[in-house]
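Chemist: Just need the structure, nothing else, for what follows:
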Amino acid sequence: MSTQQKNESVEWLRHFSNLIIHLPVPPGSMLIHGSHAEVIGHFIKKQYADSRVYANLTSPRQVAVAQVTLDGFQMNTLDSVDIADIDELNSLFIELADCGGMDVREVLRILESKIACESSILFLAMQNTPEQQSSHLLLEKQLHSLKHWLCLEFFVAQSDTTMQYPETRGIAVLIHSSFNLTRFTDLVLKHGYISSGWWVLNKIEGIRLTCPNPVEFLMLCRLRLIVQWMKEKPQDERLVYFALAIQEFNQILASSNEHLLDSALFMSEAWSLLGDHTMASRIQRTACQFLGENIRVEPETESLPQRESRVGYSMPLMTWEPDVPPNHILFIVPSHPHYGLDCLYDGLYQVVRDPANLIEFPYKPTFHGNLPDSLADYPCCFNHDGQQLDVNHIQTLLNDKYFDVILWGDVEFSLDVSVLGPVMNAIQKSGIPVYLVDAADECVDYREKFLKAAPNIPIAGYFKREMLQCIDYGPEAFPLPFSYPDKLVIQEVSPGQRNNPIFWAGHRNAGFRRHIVEMVEYMWKVQLNMHYNQSTYMNMLRNSCIGLNCFGYGFDTVRYWEVPAQGCLLLSEKSPLCIPNNFIDGKNALFFEDLTELNEKLVFCNNNPEKVFDIALAGWNHFNQYHSNSKRAQYVLACIQQSKFWPSKI
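Modeler: Down below sits the predicted model:
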């Protein structure tokens with residue numbers, strides 16, 4: 001390489017080094033083309049020492065075989081080596097080509113004749129001397145208009161403004177529509193490049209791949225990586241990845257049955273890695289029962305003890321004392337509808353001595369009679385008295401220590417930082433106990449996110465909706481499932497007034513919902529695919545003997561509570577969550593773990609209509625005793641009163 005070429009290479013690399021260092025490099029080898037291939041190859045080798053790096057020193061117009069290998073920094077000449085002779089490159093390799101001003105389509109046309117498109121991830125280095133500084137947008141537009149190539153990402157770097165000819169330089173990451181997902185995922189798992197593989201699989205638009213059912217298969221490959229991630233993490237770090245696995249699993253099951261067994265096998269392994277072998281077995285049984293196949297052998301994984309079940313535990317000591325604080329409550333709530341938080345506000349409003357002592361921030365109009373048309377079917381709009389206080393007023397009340405307790409419901413931090421910032425500073429100075437109220441769909445621990453955003457605000461307690469039985473969420477963590485508004489509960493349950501045998505309405509895009517509902521439709525010759533407005537929906541429930549409940553995006557669902565609240569028999573998947581004072585199978589509800597048990601319960605209901613009513617009535621009474629909005633609020637206040645961090649205990 002001449003001195004001039006080296007200078008050009010160094011200049012080229014100077015502009016791209018901040019991009020290359022962040023490139024998601026999966027396992028395999030790298031083949032670099034262009035006049036700058038040697039110096040770029042050395043840089044890549046320094047960043048990714050485990051990869052084999054080959055350099056082709058010819059110009060991009062003569063894209064040919066690799067002539068120089070940089071692996072181990074040994075400059076060995078390869079005489080007349082054909083790419084087909086290099087096994088590593090044949091299985092999976094990464095191309096990084098310097099377009100050198102050539103048209104992108106021309107470079108791709110040349111490379112297509114030289115590489116195995118279904119095995120390659122292409123890093124295309126481009127440069128342009130634009131008339132307008134936004135010309136990189138034109139490059140992006142050109143890349144995204146390619147017919148057979150998919151642009152996953154376009155990294156952009158601007159040259160120094162002091163240069164005589166300002167340039168836009170970028171690296172586009174591309175794959176061909178024939179990209180082999182199975183081969184790629186196998187190699188990612190083999191070499192342990194999970195993060196890089198995850199980045200690639202998350203960037204792919206599956207719909208443009210040419211393999212059969214590409215979208216579902218792409219999600220299955222992601223699920224495989226997530227389970228491997230869980231294996232590599234210690235037990236206390238697996239929950240975040242498990243939440244990702246649930247998302248992928250739900251999407252796969254909502255799409256088709258083609259990958260049902262494979263996805264169930266991986267999801268079963270994820271449950272085992274958390275320590276819940278009962279759920280692991282249930283997942284496999286349900287999938288196999290639906291398809292009429294024998295249960296597959298569970299994959300070998302570490303043996304984890306089954307933690308003691310807490311699903312039916314009661315809390316006899318959690319008795320609310322209305323004459324004991326907290327009575328003055330600040331409730332930080334997101335501005336959008338949030339069922340669990342909205343139900344809790346309604347319950348607190350009913351049980352605090354003076355409604356003026358309950359202040360939500362920011363002011364939420366749907367709590368106070370403002371019902372927009374878009375929320376006509378939402379059951380948690382209320383018409384309660386309330387005070388609309390600005391940030392300054394809230395800060396003053398905090399400085400004066402007016403509040404006994406702060407309930408922080410915006411665990412996802414959806415509120416504007418400019419609004420939250422001053423309030424958080426005032427909370428920190430006040431020393432008022434803060435309890436997080438996590439009503440999100442995910443089973444992850446949101447305390448970590450809160451502590452990163454507010455490291456100086458100690459957490460006195462944690463109320464969690466999706467509290468898995470198999471996970472220890474630590475001290476002062478309390479289960480807080482959904483509830484149901486008192487005003488909507490049916491006032492009387494009488495026999496002989498319900499004409500509809502079984503009721504279900506809603507989407508089927510989560511868990512085994514689609515499979516369960518389809519089975520009920522087939523067995524009882526009913527159609528459960530109707531959509532109703534809120535009033536009709538409630539009337540249908542009140543006219544039904546049985547209400548079906550299946551897991552949704554979270555394991556806790558509104559149906560779990562509204563069905564018994566309207567006097568129906570609750571027929572539900574058995575929950576893996578901690579639920580204080582839960583319903584009991586055969587006494588005040590019916591639960592099933594798989595499709596075989598669902599069939600048994602449906603047969604029982606069909607043959608015993610009088611027992612269906614007795615169980616439904618017992619469920620309605622149990623609901624009124626423990627699970628309305630007001631009862632849930634009393635439970636929250638009782639937990640706070642008996643918390644070891646509560647000031648009255650000090």
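
Chemist: Show me what counts as buried in the helix or strand harbouring T278.
Modeler: Following DSSP states H and E, one finds T278 within helix 277-291. Residues of helix 277-291 classed as buried by neighbour count (16 or more other C-beta atoms under 10 Å): 277, 279-290. To be clear about C-beta, it is placed using only N, CA and C from the backbone, and glycine gets the same treatment.

Chemist: Likewise for stretch 572-591?
Modeler: Neighbour-count burial for stretch 572-591, counted by 16+ other C-beta under 10 Å, picks out 572-583, 588-591.

Chemist: Same question for stretch 383-394.
Modeler: For stretch 383-394, by 16+ other C-beta under 10 Å, it's 386, 389, 391, 394.

Chemist: Now, those that are in strands?
Modeler: When DSSP state E is applied, the buried residues of stretch 383-394 are split such that none fall in strands.

Chemist: about what we covered before: tell me the one among the buried residues of stretch 572-591 nearest to Y48.
Modeler: Comparing those against Y48 with C-beta to C-beta places P576 closest, at 40.5 Å.

Chemist: re earlier: mind saving the C-alpha coords of the helix holding T278 as PDB?
Modeler: Taking C-alpha atoms only, helix 277-291 is exported to PDB below (Å, rounded to 0.1, in the frame of the first residue of the first chain):
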ATOM      1  CA  HIS A 277     -41.500 -26.300  36.800                       C
ATOM      2  CA  THR A 278     -45.300 -26.500  37.100                       C
ATOM      3  CA  MET A 279     -45.800 -23.700  34.600                       C
ATOM      4  CA  ALA A 280     -43.000 -25.300  32.400                       C
ATOM      5  CA  SER A 281     -45.000 -28.500  32.300                       C
ATOM      6  CA  ARG A 282     -48.300 -26.800  31.700                       C
ATOM      7  CA  ILE A 283     -46.900 -24.900  28.600                       C
ATOM      8  CA  GLN A 284     -45.800 -28.100  26.900                       C
ATOM      9  CA  ARG A 285     -49.000 -30.100  27.800                       C
ATOM     10  CA  THR A 286     -51.300 -27.400  26.500                       C
ATOM     11  CA  ALA A 287     -49.400 -27.100  23.200                       C
ATOM     12  CA  CYS A 288     -49.300 -30.800  22.600                       C
ATOM     13  CA  GLN A 289     -52.900 -31.300  23.600                       C
ATOM     14  CA  PHE A 290     -54.100 -28.700  21.100                       C
ATOM     15  CA  LEU A 291     -52.100 -30.300  18.300                       C
END
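
Chemist: Quick one: list the elements packing against it.
Modeler: helix 260-274, helix 513-524, helix 595-607 (3 or more C-beta pairs under 8 Å, 6 or more residues apart in numbering; DSSP states H and E).

Chemist: L344: how many residues sit nearby?
Modeler: By other C-beta atoms under 10 Å, the residues close to L344 number 27.

Chemist: Go ahead and name everything in contact with the helix or strand hosting it.
Modeler: In the assignment (DSSP H and E), L344 maps to helix 339-351. Contacting residues not belonging to helix 339-351 are listed as 320, 322, 329, 331, 333-334, 355, 358, 360, 364, 366-367, 380, 382, 384, 407, 409, 437, 439, 465, 480, 482-486, 558, 628-634, 636-637 [C-beta atoms under 8 Å, 6 or more residues apart in numbering].

Chemist: Narrow these to those in helices?
Modeler: 629-634, 636-637 (DSSP state H).
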